[in-house]
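Engineer: After the sequence you'll find the predicted model.
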Amino acid sequence: MHEENETARIEAFSDGVFAIAITLLVLEIRVPSHESVAASGLARTLVALWPSYLAFFTSFVMILVVWVQHHWIFTQVRKADHLVLYWNGLLLFVVTFIPFPTGLLAEYLLHPEARVAASLYTGNFLLVTLVFHGLWRHVSKGGRLLAANAISSNRDEAARITKHYQLAPLLYLAVFVLSFISEIASIVSCLLLAFHFALRGWPTSAT
């Protein structure tokens, strides 16, 4: 594979996977049963679903940020080798798993076993950051896979991405550890980190 636009297929396939993963999240918000509504009323029952709303919103924002970061990386990449394909596949693997811990968290956030659900949830996003770190390290090593502008006039942008993915795993590791102390705090921290990296990771170059 040596064509200049060869990463277009990777991005197109990845976009489809991201779209499916982000769509599946809403399926974890279940319509209240007639029995629940009869016992508490529809309004109160809907309010009681707040763990589902929190899990859905947090995961939606996280996947959206991951998708944007994925695009940011591939604006810097000129060509792909086989390892890029496997790193990208590993990233899609951990992203497509997100709906499961999202549903688990929605179901068990107010349960005595909430710690397990929160740890799996935050651990999943820790894996996402680790894979992103590995993907970028591979494509940026030596600059052979980067676009010409990424290693000359746009060198600063590549440096920003490198710094970005060095910091993210450490912060998400802290959130993962926090999940063993406070489930709610760890989920809120996940959401805040998503907004943080969405703003700090905004590309400065035209794409």
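Structural biologist: Now that the structure is in, tell me what you want to look at.
Engineer: just checking, next helix/strand downstream of the least confident helix or strand in the chain by mean pLDDT?
Structural biologist: Ranked by mean pLDDT, DSSP states H and E, the weakest helix or strand in the chain is helix 155-178, scoring a mean of 80. Remark: after helix 155-178, the chain's next helix or strand is helix 183-200, criterion DSSP states H and E.
Engineer: As a check, name the ranges of all helices in the protein.
Structural biologist: In the chain, the helices defined using DSSP state H lie at 7-24, 34-40, 42-47, 50-74, 82-96, 99-108, 114-140, 155-178, 183-200.
Engineer: Pipe these into a markdown table and attach mean neighbour count per row.
Structural biologist: All C-beta atoms are positioned from the backbone trio N, CA, C, and that covers glycine. A markdown table is the format used below for the helices of the chain (neighbours: other CB atoms under 10 Å):
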| stretch | mean neighbour count |
| --- | --- |
| helix 7-24 | 16 |
| helix 34-40 | 12 |
| helix 42-47 | 13 |
| helix 50-74 | 19 |
| helix 82-96 | 17 |
| helix 99-108 | 21 |
| helix 114-140 | 21 |
| helix 155-178 | 17 |
| helix 183-200 | 17 |
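Engineer: Comparing those helices by mean pLDDT, which bottoms out?
Structural biologist: If you rank those by mean pLDDT, helix 155-178 sits at the bottom with a mean of 80.
Engineer: what sits up against stretch 35-43?
Structural biologist: Pro32, Thr45, Ala48 (CB atoms under 8 Å, 6 or more residues apart in numbering).
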